[in-house]
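>>> task: produce atomic coordinates for the following.
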Amino acid sequence: MKTAAIVGIILLAGGIFSYHIYSVDQQIKAFSKEVKAYVSIRV
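Below you'll find the model as predicted:
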């Protein structure tokens, strides 16, 4: 029973971690798009 709980915690933490990485990646992509648009307007 203990090992099942440990495995569940590890899976949950892994899921949260990978989701966080994904959302950060999306934010970086959106930010770089804004920067490119701003630069193209300025130039």
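>>> what segments of the chain are helices?
Remark: helices assigned in the chain by DSSP state H are 2-42.
>>> show me the shaky parts of it.
Counting by pLDDT under 70, the chain contains no low-confidence residues.
>>> and if we set it to 80?
Within the chain, the ranges that satisfy pLDDT under 80 run 1, 42-43.
>>> so what's the residue count around residue 32?
Other residues near residue 32 number 10, with proximity taken as other Cβ atoms under 10 Å. From N, CA and C alone the C-beta is placed, and that goes for glycine too.
>>> should've said residue 33
By the measure other Cβ under 10 Å, the count of residues near residue 33 is 10.
>>> kindly report the same for residue 15.
Other residues within reach of residue 15 by the criterion other Cβ under 10 Å amount to 10.
>>> from residue 38, how far off is it?
When Cβ to Cβ, to the nearest Å is applied, the distance between residue 15 and residue 38 equals 35 Å.
>>> now residue 29: how far from residue 35?
Residue 29 sits 11 Å away from residue 35, taking Cβ to Cβ as the criterion.
>>> do the same with residue 9
As it turns out, when the distance is counted by Cβ to Cβ, residue 9 lies 39 Å from residue 35.
>>> please apply the same query to residue 20.
Distance of residue 20 to residue 35, computed by Cβ to Cβ: 23 Å.
>>> ok, residue 17 next?
Applying Cβ to Cβ, one obtains 27 Å for the distance of residue 17 from residue 35.
>>> same question, residue 43
Computed with Cβ to Cβ, the distance linking residue 43 and residue 35 is 12 Å.
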